[in-house]
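*Asks:* Sequence first, predicted coordinates after that:
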Amino acid sequence: MGMALDSGFPLLSLLAALPAILSLLFVFAALLLLLEAQAARFTVLATAAVAVWAVGYAFTMQATGPEEALLWIRVSTAGLLLLPALCYLFNASLVQPAGLSSPRVLGLLALAALFETLHWLHPLFVQGVERHSWGYFPRYGLAFLAFMAWFVVTFWVILRDTWRHYRQAPKGPVRSRDRALLVAWFFCFCGGWDILIGFGVPLPPVSYVPVTLFLLCAFVLLLSQGKIEFLEHWSLASVLQSTSDSIFLVHPEGALSAVDNRTAALLGYESPKDLRGRPVNELFNDDTPLFCPETIQRIRSAKQPESLQLDLKTPGGPAVPLRVRLSGIFDRKGRLLGLVAIGRDLREEIEKTEQIRQANRALQEKIAEIEERTLELSRTNRELEQSQAIVKSVLSDMEASQKKLEEAYIRLAEADRAKDAFLASVSHEFRTPLTSIRSFSELLLSYPDEPEETRRDFLGIILQESERLTRLVNDLLDLAKIESGRQIWRDEELDLAEILGSVQQSFSALTAGKALSVTVRVDRHLPRVFADRDRMFQVVSNLMANAVKFTPCGGTIELGAEAVKIEDGRPGSTMVRVWVSDTGCGIAAADLERIFEKFHQAGDTLTGKPEGTGLGLAISREIVQHYGGTIWAESAPGKGSRLVFTLPALPERDVSEAGRGRGRNRGHEEATTRETSRADKSTLSL
Amino acid sequence: MYSASSTQGADQRLEKSLADRKILVVDDEPFILKSLTFVLKKEGFHVDSATNGLEALEVIRKEKPDLVFLDIMMPKMNGLEVCQWIRQDPQLQDIHVIILTAKGQEADREKGLQIGADEYMTKPFSPSMVVKRIREIFG
């Protein structure tokens, strides 16, 4: 420098005025940034420096000559530019809260300041050397060496750093800044070159223009740095404005540096700025401090974020639960620069959890209800099954009953048929003698002039047939009474030998008439039986009558009785067996059972139509079966027949107890009347 | 007015006196036979008897009666079978068959008539009624 302003060349004077113009531009840029960034302290400083510089320039222009003014301005600028560099070097917290540091920019500006200073100091040096003879070489040499050291180190380190950063930076203000920075470095180098020349180093000269251009770059640099700072600041601001979480930026000493807008509003403040500087623990419940030494210690040592649950005190409302993630911000040396706490509002979560819990409880209740219902259902099911089982058993009972009914019906139908057949037989048996009686009676009346013999013959027939009819009626009545159980049984102790004897005697005439020999064979100690005398007589008589009927003249008939032991396990069961055997025509095998049926008459006999009613053996069977005995026939055609029946014998001791009374009176006393209906066998209802 | 032939036939029939009329009585009850035989003989008919179905057929073939009294319930062959035999034999078509039985049911009556009997009478019967009926049959 040192050019006179009143030089003839306008270009030179323009060049001289260039710093002034630039400083104005600085002012404008700084103002702009100030308005936008609002918090970039560095920018404030820069603006102040520029303002001071401009004012100083104007003032000195007025006060002194332009040369001196320029000197003052350049010194002051250098000094003011140096200040941030010094700050960076000593890592003052002045810049830190913004979270932004631009060491390269500061380094550059520091270096620039130094260059400026030295540039200015150089002529002074020279002048001083000339004027004050300071001992030229040692001081000069020392300053020179210091400068060189400074120059080389700073220049190289910062250049390298900037180059690396420039390579990595994406397109945008950061990249353009770094570009400007690099360019500025180049021109700074030129300035340094110039200074070296001033120091007497034999180097080719460099013009003043690079220095000016360097200032231009510094300006661009400032702008872009400001923009970066603004963007960075703006990013944070926009985050704090729009976040739904609560964000707290805390000083290492526990004061609140920044807070998001929502939380500020929650806490009842208009703007987050109003909370700046408050101790952060005041915002939370006493039992849940955010900033406590143990937590900080842990963060410092572990360098890991911590999770806490805190309650934010809201004015006029319940505390807001927050789940806070607390992490520390550390510089490159690992020192804690500040804390960031991001808290999530748990109210909604708690509410939702509570809702879920309630829903769960309701569900549990429902489940319990359902279980109860299921139990009930299974109970009902069991009851149903039981009912079903009952119904099944009832049904099977009904089926059984139905079967029984069907069987009973079949039996009834059979009985009905039997009844019809019986009635047919009975009517036939009645009509036959009735026909004779009627016919001969009529004939007697129609032909009164018949001879006496004929008349007697006819009357005899009438009488005979009447008797036959009578017998038939009596037999039928007997049978009916026995079958229906209305028969009165006058049971008494009987000696069957006696009965046999009586029968033999009563048939004596008949047997004599047919020259039949009759014998009676009886066991010596024949046990007695307990039965109705007349009925027993009837049975034996029936058998005898058959024997007599079916034995031809000259035959033999035997009546017998013996005791028989029945081996069927019952102790002392003795029966009396009675038989009537003959040497008659015998019975065919097919008829052995049928002869005991009602109205069965062996029609194909030698003597033609028999005289019996056909009921004798049927009656005999009924009587024998009444006493629990059996009756059967043993015979073969042409080989005679043996009709046998058995009766239960009285045990010996009963004989002695009951005594030997045989009177009818006794029988009366012991009469048993059996009224039990035997309807299934009865075919007549009398 | 009868034609000469019919008059002749009628005369022939009248000529065939009662004594020429043969009646067969079949019954297994001797007293029935006795009463019927007595009354019919009294009325002047020629009477044969049989006590069972087989015997009856023999007599029918031999004697060729004009009228047969058949009982149903008989041994060896019952009256209905005898009736069938009579009706199946072309030579015996003129025989008047009267069933005389104790079986008095409507079903029995129908069966008898269906078999081919000319009449069905039930016991007991009145001998005079029987005679009256016979006279009607023989003109």
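*Replies:* Thanks, I have it. Model, not experiment: these values are computed from the prediction.
*Asks:* Please enumerate the strands of the chain.
*Replies:* If you meant another chain, say so; for now it's chain A. For chain A, the strands defined by DSSP state E cover A:246-250, A:256-259, A:306-312, A:320-330, A:336-345, A:488-489, A:491-494, A:517-522, A:529-532, A:556-565, A:574-582, A:631-635, A:641-648, A:672-673.
*Asks:* Actually, chain B is the one I wanted.
*Replies:* Secondary structure of chain B (DSSP E): strands located at B:22-26, B:46-50, B:67-70, B:96-101, B:119-122.
*Asks:* Identify, out of those strands, the most deeply packed stretch.
*Replies:* Sort the strands of chain B by mean neighbour count, taking mean count of other Cβ atoms under 10 Å in any protein chain shown, and strand B:67-70 sits at the top with a mean of 27. C-betas here are computed from N, CA, C, even on glycine.
*Asks:* what about B:Gln84, how many neighbours?
*Replies:* Number of residues near B:Gln84 (other Cβ atoms under 10 Å in any protein chain shown) recorded here: 14.
*Asks:* That one against B:Ile115, yeah?
*Replies:* Yes. The pair B:Gln84 / B:Ile115 is scored as a contact, 5.7 Å apart, by Cβ atoms under 8 Å.
*Asks:* Which residues of chain A lie near chain B?
*Replies:* Contacts of chain A with chain B, taken as Cβ under 8 Å from any Cβ of the partner chain, map to A:424, A:427-428, A:431-432, A:434-440, A:442-443, A:446-447, A:461, A:465, A:603-604, A:608-609.
*Asks:* Among those, the buried ones, what's the PyMOL command?
*Replies:* Of the residues of chain A next to chain B, the buried ones go into a single PyMOL selection, burial set by 16 or more other Cβ atoms under 10 Å in any protein chain shown:
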select buried, chain A and resi 424+428+431+432+434+435+436+437+438+439+440+442+443+461+465
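*Asks:* Run through the residues that contact A:Ala319.
*Replies:* Going by Cβ atoms under 8 Å, 6 or more residues apart in numbering or on different chains, A:Ala319 touches A:285, A:311-313.
*Asks:* can you rerun that using 10 Å?
*Replies:* A:284-285, A:288, A:310-313, A:347 (Cβ atoms under 10 Å, 6 or more residues apart in numbering or on different chains).
*Asks:* ditto for A:Gly343
*Replies:* Taking Cβ under 10 Å, 6+ apart, we find A:Gly343 in contact with A:245-248, A:260, A:263, A:284, A:290, A:308-310, A:312, A:320-326.
*Asks:* how much space between it and chain B?
*Replies:* 118 Å (Cβ to the nearest Cβ, to the nearest Å).
*Asks:* what pLDDT does that residue get?
*Replies:* Per-residue pLDDT puts A:Gly343 at 89.
*Asks:* Same question for A:Leu326.
*Replies:* 89.
*Asks:* What of B:Glu43?
*Replies:* B:Glu43 is given a pLDDT of 87.
*Asks:* burial of it, as a residue count?
*Replies:* Neighbour tally, B:Glu43, other Cβ under 10 Å: 17.
*Asks:* Show the contacting residues for it.
*Replies:* B:18, B:21, B:23, B:127-128, B:130-131, B:134-135.
*Asks:* Could you identify the buried members of those?
*Replies:* B:21, B:23, B:127, B:130-131, B:134.
*Asks:* Need the worst-confidence member of those.
*Replies:* Comparing pLDDT over those, the lowest score belongs to B:Arg21 (83).
*Asks:* doesn't B:Pro65 make contact with that one?
*Replies:* Yes. Counting by Cβ atoms under 10 Å, B:Pro65 is a contact partner of B:Arg21 at 8.3 Å.
*Asks:* who touches both of these two?
*Replies:* B:45-47.
*Asks:* Can you show me the helices along the stretch 401-550 of chain A?
*Replies:* Taking DSSP state H, counting those that start in this stretch to define them, one finds helices in the stretch 401-550 of chain A at A:452-484, A:496-506, A:508-513, A:533-550.
*Asks:* now those in TSV, with distance to A:Asn381 and mean pLDDT?
*Replies:* Listed next are these as TSV, based on distance: least, Cβ to Cβ, whole Å; pLDDT from 0 to 100:
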stretch	distance to A:Asn381	mean pLDDT
helix A:452-484	56	90
helix A:496-506	72	92
helix A:508-513	84	89
helix A:533-550	67	92
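*Asks:* Of those helices, which stretch is the most buried?
*Replies:* With neighbours taken as mean count of other Cβ under 10 Å, the helices of the stretch 401-550 of chain A reach their highest mean count in helix A:533-550, at a mean of 22.
*Asks:* circling back to that earlier point, mind putting the contacts of A:Ala319 in TSV, distance to A:Glu567 included?
*Replies:* Below are the contacts of A:Ala319 laid out as TSV (distance: Cβ to Cβ, whole Å):
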residue	distance to A:Glu567
A:Phe284	115
A:Asn285	112
A:Thr288	111
A:Leu310	111
A:Asp311	110
A:Leu312	114
A:Lys313	116
A:Arg347	106
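*Asks:* about what we covered before: among the contacts of B:Glu43, which are in helices?
*Replies:* B:127-128, B:130-131, B:134-135 (DSSP state H).
*Asks:* Cheers, nothing more for now.
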